[in-house]
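Visitor: what follows is a predicted structure for the sequence shown.
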Amino acid sequence: STSPPLRCSLKADPLLKYGGVQLYPILADSAVAARQSDLKNWKVLAEVMPDRRFRITEMKQFGSERAWYNGLTVQNRSRDTVLLLSGDVVQGGNQDRTIAMEQIVPPATVRNIEVFCVEHGRSTYYNENASESEKQLAAFRGYYNVASPSVRRAVQNGDQQGVWSAVSQVTAGNNATSPTQTYAALDNGAAEQQERTLLLERFEALSRKYPDLTGMIAVHNGEIIGVDVFGHPALFAKCAKALLHGYVSDAMQRTPQHDTTVEALPALHLRRFLEGATFLREADPDGPCHALAGLASRRLETYAATP
């Protein structure tokens, strides 16, 4: 019989359990990974933001009529193919943004992309001492992380007010505030940041234990809060830490830090979820390698174990 393209251990691994969060690894069949080996050479946003040949700026009007805060311009003058994830957060410009949809940006490409604001209290260039030419260019200075699943769901719903509300909830839940109400304020909550660091260090064991790891399901006290699957383990490894940051941030707004109990998710729900994911991969084997993010954001209620 043919091996399934994806498989998941439905047994909760104690090594991947902490503070109400349980991770379930999703593994790729070696033949699938071999067929898609070109994906391991793709770059992700965290890798290319420091490269001067890749730049994100406030939107240039190439015929677009969308509101200025819902669009940015991407310029890729490098030789690399770059994968943008829905939920990627970039800092700088006239306000921090999160990318709306997964996109593949080939070399020698200039395009406008759809984004949402994740910094409600700022609409001017981040560096007030910059020259006028720099302010006009309005480039972004860096990469933060992938936004939490709750923010990503709001992005998928396409409602800017809903995105701001989700940002406010996750930052407040992590005791992280800032004058401009930015999602990146998560770094301002000292105790919570330390707790996130401990969680991230613990979950980094994931890749060491599962070399063919190509994705993960994050469960918090019996409810699926996020799932991400990529087309190659090497590509997933580049994004894992940024994704985990969002999972942990969401979990910490749901449960007091001292609560370390984990309610297991019934295997049936995980199995159904994985079956849906596998169907998606088989139906569109050449499609976006990050397609499960959209599936997760739309189907959490269907597959969650809680009523």
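Guide: Looks like it came in fine. Residues are numbered from 1 along each chain as shown.
Visitor: need the per-residue pLDDT for Ser123.
Guide: Here, the pLDDT recorded for Ser123 equals 89.
Visitor: is it correct that it is in contact with Asn94?
Guide: Yes. Counting by CB atoms under 8 Å, Ser123 does reach Asn94; the two are 5.7 Å apart. In this view, the C-beta of every residue, glycine as well, is placed from N, C-alpha and C.
Visitor: which neighbours do these two share?
Guide: Tyr69 (CB atoms under 8 Å, 6 or more residues apart in numbering).
Visitor: of those two, give the one with the bigger neighbour count.
Guide: Shown here are Ser123 and Asn94; by other CB atoms under 10 Å, Asn94 has more neighbours (19 against 12).
Visitor: and the helix or strand hosting Glu134, what's buried?
Guide: Assigned by DSSP states H and E, Glu134 belongs to helix 132-137. Buried residues in helix 132-137, counted by 16 or more other CB atoms under 10 Å: Lys135.
Visitor: cool, and stretch 174-182?
Guide: Asn174, Asn175, Ala176, Ser178, Gln181, Thr182.
Visitor: hey, where'd the strands end up in this protein?
Guide: Applying DSSP state E to the chain gives strands spanning 6-8, 17-18, 21-28, 43-44, 54-58, 71-76, 82-84, 88-92, 97-99, 103-105, 109-117, 140-146, 213-220, 223-229.
Visitor: need these in JSON lines (columns: mean pLDDT).
Guide: Output for those, formatted as JSON lines (pLDDT from 0 to 100):
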{"stretch": "strand 6-8", "mean pLDDT": "72"}
{"stretch": "strand 17-18", "mean pLDDT": "74"}
{"stretch": "strand 21-28", "mean pLDDT": "83"}
{"stretch": "strand 43-44", "mean pLDDT": "94"}
{"stretch": "strand 54-58", "mean pLDDT": "94"}
{"stretch": "strand 71-76", "mean pLDDT": "94"}
{"stretch": "strand 82-84", "mean pLDDT": "92"}
{"stretch": "strand 88-92", "mean pLDDT": "95"}
{"stretch": "strand 97-99", "mean pLDDT": "96"}
{"stretch": "strand 103-105", "mean pLDDT": "88"}
{"stretch": "strand 109-117", "mean pLDDT": "94"}
{"stretch": "strand 140-146", "mean pLDDT": "93"}
{"stretch": "strand 213-220", "mean pLDDT": "84"}
{"stretch": "strand 223-229", "mean pLDDT": "81"}
